[in-house]
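*Asks:* fold the following and give me the result.
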Amino acid sequence: MKRGSGETGGQKRPAYIRIAGEIREQIKDGSLAPDQPVPSAAAICEQYGVSMITAKSALNLLRSEGLVYGIAGKGTFVAPSRKMVRSAPHRYFEGKERTYVQEAERAGLRPDALHRTELTAASEAIAQRLEIAAGDQVMTTRYRVFAEGRPMSISTSWEPLAITGGTPIEHPHQGEYADSGLNARFAAIGWTIEQVEEHLIVRPPTPEETETLIIPDGVHVLEVHQTVRAIQDGTDNLVPVEAADIVFPTDRYEFKYLMDRPR
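*Replies:* Numbering: from 1, shown residues only. Down below sits the predicted model:
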């Protein structure tokens, strides 16, 4: 029997989004298990009374979200759930690689990132977090992180030029330490990361975040406001060396926090 999800009738959302939503719910509630086939485009056409373009658009949307995968000549199947795990705060003190690389590889996923860095003036809010004056120069980097081609997070980081300027790590993605994580980069110029402060906010995504991160309906994001502090060799004064705002879709990340008792 054909379902009442045709392409007419005054529905607000396009038919392919509604169809993808129904299949997504079946994946989430376990009705469709990992590696189980999902309806073919032809079956969707018959079931929902829609065109082949609409049926394929629904499957392509699910594929872009990492929920299904295709095998040529065999069909489309439910993708195994492989969430990346973000463990804090110890993630900042281990390993030389960037943290997203560690997280992706632990999940058996191939990491990648797009980034753009520019010199900017610190806003009042960023200046307060970095304990510098508003208008002081900061190196600003914007990231979009992927795993197996699926967008996993977006972020912006700020590093005070008063600390990094004229050093081998002034530009986060150039030179000898271009592929190194925060801990290794600052250690190279005599700073040891000692403290990471994070404020977490769960909220609905903005339209721009929904588009950039390909976030399904009903999925929230976790926004992390992070300030990293370090001590310079031979001193005991904690100084902010980086501030960052990171946005994670909650359908593709797990968050684990290990908290030691203060001593």
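
*Asks:* show me where this protein has strands.
*Replies:* Per DSSP state E, the chain carries strands over the ranges 68-71, 75-78, 84-88, 111-121, 137-147, 150-160, 191-203, 221-232, 239-249, 253-257.

*Asks:* quick check: mean pLDDT of the first one?
*Replies:* Average pLDDT, strand 68-71: 85.

*Asks:* other SSEs contacting that strand?
*Replies:* Strand 68-71 makes packing contacts with helix 52-64, strand 75-78 when contacts are defined by 3 or more CB pairs under 8 Å, 6 or more residues apart in numbering; DSSP states H and E. All C-beta atoms are positioned from the backbone trio N, CA, C, and that covers glycine.

*Asks:* S123 is nearest to which of the ones you listed?
*Replies:* In terms of CB to CB, the element of the helices and strands packed on strand 68-71 nearest to S123 is helix 52-64, at 33.7 Å.

*Asks:* show me the shaky parts of this structure.
*Replies:* Applying pLDDT under 70 to the chain flags residues 1-12, 81-82, 88-97, 258-263.

*Asks:* so it: which segments form each domain?
*Replies:* 15-78, 84-257 (automatic domain parsing).

*Asks:* mean neighbour count added to the ones you listed, as TSV?
*Replies:* Listed next are those as TSV, based on neighbours: other CB atoms under 10 Å:
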stretch	mean neighbour count
domain 15-78	17
domain 84-257	17
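
*Asks:* can you verify my assumption that N183 contacts W191?
*Replies:* No. Counting by CB atoms under 8 Å, W191 is not a contact partner of N183; they are 9.6 Å apart.

*Asks:* which one of the helices and strands packed on strand 68-71 lies closest to I27?
*Replies:* Each of the helices and strands packed on strand 68-71 was scored for nearness to I27 using CB to CB, and the closest is strand 75-78 (5.6 Å).

*Asks:* which strands and helices sit next to that closest one?
*Replies:* In terms of contact count using 3+ CB pairs under 8 Å, 6+ apart, strand 75-78 is assigned the packing partners strand 68-71.

*Asks:* what residues does the strand it packs on touch?
*Replies:* Contact with strand 68-71 is made by I27, V38, L59, L62, R63, T76, F77, V78, A79, as judged by CB atoms under 8 Å, 6 or more residues apart in numbering.

*Asks:* surely W191 meets T164?
*Replies:* No. Under the criterion of CB under 8 Å, W191 is not in contact with T164, lying 9.5 Å apart.

*Asks:* alpha carbons of stretch 58-76, as PDB, please.
*Replies:* What follows is stretch 58-76 as a C-alpha-only set of coordinates in PDB (Å, rounded to 0.1, in the frame of the first residue of the first chain):
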ATOM      1  CA  ALA A  58      16.100  10.500   0.600                       C
ATOM      2  CA  LEU A  59      18.700   7.800   0.400                       C
ATOM      3  CA  ASN A  60      21.400  10.300  -0.500                       C
ATOM      4  CA  LEU A  61      20.400  12.400   2.600                       C
ATOM      5  CA  LEU A  62      20.800   9.300   4.800                       C
ATOM      6  CA  ARG A  63      24.100   8.500   3.200                       C
ATOM      7  CA  SER A  64      25.400  12.100   3.800                       C
ATOM      8  CA  GLU A  65      24.500  11.700   7.500                       C
ATOM      9  CA  GLY A  66      26.600   8.500   7.700                       C
ATOM     10  CA  LEU A  67      23.500   6.400   8.500                       C
ATOM     11  CA  VAL A  68      23.600   4.100   5.400                       C
ATOM     12  CA  TYR A  69      26.100   2.900   2.900                       C
ATOM     13  CA  GLY A  70      25.800   1.400  -0.600                       C
ATOM     14  CA  ILE A  71      27.300  -1.700  -2.300                       C
ATOM     15  CA  ALA A  72      27.200  -1.600  -6.000                       C
ATOM     16  CA  GLY A  73      24.800  -4.200  -7.400                       C
ATOM     17  CA  LYS A  74      23.600  -5.200  -4.000                       C
ATOM     18  CA  GLY A  75      21.800  -2.200  -2.500                       C
ATOM     19  CA  THR A  76      21.900   0.200   0.500                       C
END
